[in-house]
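K.L.:
need the 3D shape of this:
(chains A and B)
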There are 2 protein chains.
Amino acid sequence: MKFNQNFNDVSDNYLFAEVAERVAKYTAENPDKTVLKLGIGDVTLPLAPEVIKDLHAGVHDMFVKSTFKGYGPYEGYAFLRDKIRGYYSSFGVELDNSEIFVSDGAKSDLGNILDIFSADNTVLVPDPVYPVYVDTNLMAGRKVIYADANEENGFLPMPDPEVEADIIYICSPNNPTGAAYDREQLKAWVDYALEKDAVILYDAAYECFISEDNLVRSIFQVAGAKKCAIEFCSFSKMAGFTGTRCGYTVISHELERDGVSANKLWLRRQSTKFNGVPYIVQKGAAAVFSEEGQRQIKANLEYYKNNARLIAQCMDELGIWYTGGKNSPYIWLKCPNGMGSWEFFDYLLHNAQVVGTPGAGFGKNGEGYFRLTAFGSTEVTKEAVERIKSLLK
Amino acid sequence: MKFNQNFNDVSDNYLFAEVAERVAKYTAENPDKTVLKLGIGDVTLPLAPEVIKDLHAGVHDMFVKSTFKGYGPYEGYAFLRDKIRGYYSSFGVELDNSEIFVSDGAKSDLGNILDIFSADNTVLVPDPVYPVYVDTNLMAGRKVIYADANEENGFLPMPDPEVEADIIYICSPNNPTGAAYDREQLKAWVDYALEKDAVILYDAAYECFISEDNLVRSIFQVAGAKKCAIEFCSFSKMAGFTGTRCGYTVISHELERDGVSANKLWLRRQSTKFNGVPYIVQKGAAAVFSEEGQRQIKANLEYYKNNARLIAQCMDELGIWYTGGKNSPYIWLKCPNGMGSWEFFDYLLHNAQVVGTPGAGFGKNGEGYFRLTAFGSTEVTKEAVERIKSLLK
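P.N.:
Residues are numbered from 1 along each chain as shown, chains lettered A, B, ... in the order given. Here you go, the predicted structure:
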């Protein structure tokens, strides 16, 4: 028996583990200090009351023989797919239920989707990048190439016609940079993908933070995208589902090559290696789309958006260059005084007791940058902002 | 972009889809007939009250800011892993929590575990076989070879020293045949695996049906197994979680090759491509192991076991050869009068309105055999048994 040797190419240290380790060490050595965490991208507000109500209803259904649910459809219950279809329709994207696959989260599907692609494909990811895009491909032995994101292009790299790529990852609004492509920029990527016969894996996990009109909520709002893109969405950030686990993946029937449908391959993959999302969770997820659910979810998002504004204002006051903060819970800032990412991490931890995420952990172009997130409480965010201002002004 | 060409090697027709289609056709043409389903292996009893109670408690935790849970540990919460560790300890297998990975079900992990193995490995599966073992490996381009299970070996093939294999699938008690290896037989497989430097993927999804003393509940009760086996378990059959989705995978730290640990590779895989099981579901799963939870779960299992006895007695009365029924919810019977599997399927559907699963759908050695399951209600099972007796006696 041989293990998969490609795992050797994947670095052993997960960024957030290193962050946690340094924080734990500091906390142990400084038990009197209060450390404020604006690091990992996890939500902190509890689930909306409408979601809770329907989760309880789902649990009750499992208690009563006549409403008990065994194996569900691999692709998710129609009651949830109907709602997702309606949501897409609200911004002008018409889908068939069979184009929507309910999943246990965007992260799982972003990794698992690779099963349907040949190991021969060349993968184009931005640098800096959410590490999962790279690691999942290295594990499968694929060649990964990078598109430079940097201050000059506002961390929004555009396609280079001289680069040949088969699988292209786009995350917009971006994790970790918070930068978001506008419609014209996405159109350029779609045209490039169609020209190169490539597929775009579009991570829309943060679409709920979009507030500007020139941005799209789905890549399928761009002409031609249904022929070349797969979209990954999540209830994690939209409705605080990081610990409740639900997302969805959209694959149009128009996405095919030589008569082979990506949608059919994915259905085959899922029916073979997945058994669906818990019924209870799907009940809760469906509540997100009710009128009252939407009102509650938007209030929670407004809370995080306000935190993002506070951090962005702080950077404005300090004259620090950054992306994000507007259509994103992330603020991606240039470390002051030419500091390196980890240098700034330690500087901020030791002198302001604020934890962020070093940009270098997301790729070479992240060096010298730093990510702060808006998912803390407003009290913690305000306090952290004050400490950062005192330290850096 | 190229799709994964290995998908071409996977047959497009999922067995249960074909069954569903034939049943739908018959039902449409015979609306006056009551069709009794002893086919697919899905539970029908609602979740136990203790599980329901803790599911509700889990939902409530998500409603209160101080108990709300965001991202959980990839490997599962300690409160659940502690319980699983205790369960193993109760039959003499001592584990460390870090050897237990909570999953969304055995099926997902049985497919996903393959990520940690090289595509070069040769895979040995029994024939007949749960199709997922074969399809997941064909999708990854692995060579699959078969160990013949048949009437002569009681559908329990033993290792052949002349066969070279790297990855060996064992499911005991078996799906679809219901046959279960005893301790000595499993020891022979473990010795073979150690000798061949192979790994055993041990599917223990049906261990809760074991009632005979000479059978083991875990392959880790067999000496040497920790060095060569990975065990996959599920709450699906044990506690009716087919629609609630929770299982666990056990990988000992002793399983390594050239200093590389399978446990570490799997942790790396899961932390990259998975984000854990819903907190709410893990709360419910933990309740399975409470004293009252165990009492309730066992009562449900007794219900299914009694159904299995009814079907087995029917076969005894009719003088039909079969395996299973004793330590398994499955009865794997030889089709009477030399009928083929699908022939018997249609015969039973058309003449007794009873639906089972054609053995041929599980491999060439399944031809001429037929699977009935004990997951129906006792009323349905009794009625189906009466109809079968009238038809075949």
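K.L.:
every contact and neighbour count from this point should use C-alpha atoms.
P.N.:
OK.
K.L.:
got phi/psi on residue A:231?
P.N.:
phi -110, psi 140 (degrees, to the nearest 10).
K.L.:
now do the one 4 residues further on
P.N.:
Backbone geometry at residue A:235, expressed as degrees, to the nearest 10, gives phi -90, psi 0.
K.L.:
skipping its backbone neighbours, what lies nearest residue A:311 in space?
P.N.:
Excluding the flanking residues, the one nearest residue A:311 by CA to CA, 6 or more residues apart in numbering or on different chains is residue A:385, at 6.3 Å.
K.L.:
now do the contacts for the one you found.
P.N.:
Neighbouring residues of residue A:385 by CA atoms under 8 Å, 6 or more residues apart in numbering or on different chains: A:310, A:311, A:314.
K.L.:
close to chain B, is the stretch of helix or strand residue A:21 belongs to?
P.N.:
Assigned by DSSP states H and E, residue A:21 belongs to helix A:15-29. No. Judged by CA under 8 Å from any CA of the partner chain, helix A:15-29 makes no contact with chain B; its nearest approach is 10.9 Å.
K.L.:
give the buried residues for that helix.
P.N.:
Neighbour counts over helix A:15-29 (16 or more other CA atoms under 10 Å in any protein chain shown) mark A:15, A:19, A:22, A:23, A:26, A:27 as buried.
K.L.:
coming back round to it: from residue A:33, how far off is the residue nearest to residue A:311?
P.N.:
Counting by CA to CA, to the nearest Å, the gap between residue A:385 and residue A:33 amounts to 17 Å.
K.L.:
for residue A:44, same thing?
P.N.:
Relative to residue A:33, and taking CA to CA, residue A:44 is found at 22 Å.
K.L.:
those two - which one has more neighbours?
P.N.:
Remark: of residue A:44 and residue A:33, residue A:44 carries more neighbours, 19 against 13, as counted by other CA atoms under 10 Å in any protein chain shown.
K.L.:
got phi/psi on that one?
P.N.:
Residue A:44 adopts backbone torsions of phi -130, psi -20, taken as degrees, to the nearest 10.
K.L.:
residues in contact with it?
P.N.:
A:240, A:375, A:376, A:377, B:65, B:68, B:69, B:70.
K.L.:
mind giving me the PyMOL select for those residues, buried ones only?
P.N.:
To isolate the buried subset of these in PyMOL, counting by 16+ other CA under 10 Å, use the following:
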select buried, (chain A and resi 240+375+376+377) or (chain B and resi 68+69+70)
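K.L.:
what parts of the stretch 151-300 of chain A come near chain B?
P.N.:
Counting by CA under 8 Å from any CA, the residues of the stretch 151-300 of chain A near chain B are A:165-167, A:197-199, A:240-245, A:265, A:268, A:272-280.
K.L.:
which among these count as buried?
P.N.:
A:165-167, A:197-199, A:240-245, A:265, A:268, A:272-280.
K.L.:
just the ones of those in strands?
P.N.:
Among these, the members falling in strands (DSSP state E) are A:167, A:199.
K.L.:
ok, residues contacting stretch A:294-308?
P.N.:
Under CA under 8 Å, 6+ apart, the answer for stretch A:294-308 is A:45, A:48-50, A:208-209, A:238-239, A:288, A:325-326, A:328-331, A:373-378, A:381-382.
K.L.:
my bad, should have said stretch A:346-359
P.N.:
Residues contacting stretch A:346-359 (CA under 8 Å, 6+ apart): A:16, A:19, A:23, A:26, A:33-40, A:128, A:176, A:341-342, A:344-345, A:365-373, A:384, A:387-388, A:391.
K.L.:
any idea which of the buried residues of helix A:15-29 is the one closest to residue A:78?
P.N.:
For the buried residues of helix A:15-29, the residue nearest residue A:78 by CA to CA is residue A:15; the value is 37.9 Å.
K.L.:
which residues touch the closest one?
P.N.:
Counting by CA under 8 Å, 6+ apart, residue A:15 has contacts residue A:361.
K.L.:
so how far is residue B:263 from it?
P.N.:
20 Å.
K.L.:
touching, residue A:233 and residue A:248? I think so.
P.N.:
Yes. Between residue A:233 and residue A:248 there is a contact under CA atoms under 8 Å: 5.2 Å.
K.L.:
joint contacts of those two?
P.N.:
A:105, A:106.
K.L.:
nice, that's everything, thank you.
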